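Student: Give the three-dimensional model of this entry:
(one chain, ligands or ions: 1)
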Amino acid sequence: MSDQLKRLAAEAAASAELRSGMKLGLGTGSTAKHFVDIVGERIRAGETYLCVPTSEATRRQAESLGIPLTSLDEAGELDLTVDGADEFDPGLNLIKGGGGAHLREKMVAANSRRMIVIADASKRVARLGAFPLPLEITPFAQGTTVRAVARVFAEAGIRAEIRQRHRPDGSPYISDNGNLIFDVANDGIADPASLADRLDRIPGLVEHGLFVGLCFAVYLGAEEGVAVIGKKT
Ligand code: 5RP
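Tutor: Okay, the predicted model is just below:
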């Protein structure tokens with residue numbers, strides 16, 4: 001059921017936003033996967049796209065579909081990135097990184113003329129934070145970095161519990177960039193921009209999953225159809 005709504009959101013975003021010839025950022029996760037499938041279908045139908053994947057998993061999917069890929073360095077500014085999210089709030093602030101790919105996802109989104117999120121209604125929240133905030137942290141001095149993160153949450157007045165992410169076999173989760181992932185369970189992020197700003201200043205915290213001012217619109221798949229939230233033009 002939910003997977004059907006993800007596909008519906010991806011189809012609506014594709015028909016409204018995709019134009020043959022675009023340079024695209026391809027997101028990561030079970031929702032973004034549908035959009036990558038659609039780009040593959042469009043290419044088989046004769047359209048052309050040059051794409052930058054946001055993870056090794058998405059790279060593998062895109063390669064299997066024959067989607068032409070390049071690097072962000074080669075592509076320069078992208079026309080459009082379409083990605084999923086773990087949460088979005090009324091200001092279109094996001095939590096991302098449930099798949100541990102938020103560093104590349106943020107770099108790609110920040111270098112795109114517009115970033116579109118595709119989601120089902122379970123991702124819509126009044127306030128971010130029910131989904132634990134993902135952090136990508138260097139293995140070097142990880143304890144020092146985690147302590148700095150704990151201080152930032154305490155100073156912001158947010159109750160936080162920071163846990164390292166592991167694989168199902170118990171080994172540490174290692175990102176595509178060779179770093180560790182931690183998740184911050186918390187009691188709600190009232191001011192995402194201010195928290196993001198403080199987290200941005202911690203050396204060793206390579207990237208956090210708060211996306212502030214990056215998302216242009218959300219295509220929300222629902223039983224009644226797809227709603228577009230927040231689009232300005
Ligand atoms: C990966 C992400 C994903 O976009 C996010 O976790 C949503 O995934 P899904 O569509 O599977 O719910 O940020 O790092």
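Student: Show me the strands in the chain, by range?
Tutor: Under the criterion DSSP state E, the chain contains strands at 23-26, 50-53, 78-83, 87-88, 94-95, 112-120, 133-137, 160-164, 180-186, 205-208, 210-211, 215-222, 225-229.
Student: closest one to the ligand among those strands?
Tutor: Proximity to the ligand (CB to the nearest ligand atom) singles out strand 78-83 among those, at 5.3 Å. No exception for glycine: its C-beta is placed from N, CA and C like everyone else's.
Student: And the residue lying farthest from the centre of the chain, how close does it get to residue 87?
Tutor: Of all residues in the chain, residue 46 has its C-alpha farthest from the mean position, at 28.5 Å, by CA atoms, centre = their mean. Relative to residue 87, residue 46 is positioned 37 Å away (CB to CB, to the nearest Å).
Student: sorry, back to before: for the strands of the chain, which one sits closest to residue 69?
Tutor: Proximity to residue 69 (CB to CB) singles out strand 50-53 among the strands of the chain, at 5.5 Å.
Student: For the closest one, buried residues please.
Tutor: 50, 51, 52, 53 (16 or more other CB atoms under 10 Å).
Student: Could you do stretch 110-118 as well?
Tutor: 111, 112, 114, 115, 116, 117, 118.
Student: before we move on, the earlier item: tabulate the buried residues of strand 50-53 (a markdown table), appending distance to residue 175 and pLDDT.
Tutor: Output for the buried residues of strand 50-53, formatted as a markdown table (distance: CB to CB, whole Å; pLDDT from 0 to 100):
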| residue | distance to residue 175 | pLDDT |
| --- | --- | --- |
| 50 | 25 | 98 |
| 51 | 21 | 99 |
| 52 | 17 | 99 |
| 53 | 14 | 99 |
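Student: Double-check residue 159 against residue 184; I have them as touching.
Tutor: No: shown here, residue 159 and residue 184 do not form a contact pair, counting by CB atoms under 8 Å, at 10.2 Å.
Student: For residue 122, which non-adjacent residue is spatially closest?
Tutor: The shortest distance from residue 122 to any non-neighbouring residue, by CB to CB, 6 or more residues apart in numbering, is to residue 2 (7.0 Å).
Student: Is that neighbour in contact with residue 123, as I believe?
Tutor: No: Residue 2 is beyond contact range of residue 123, at 10.4 Å (criterion: CB under 8 Å).
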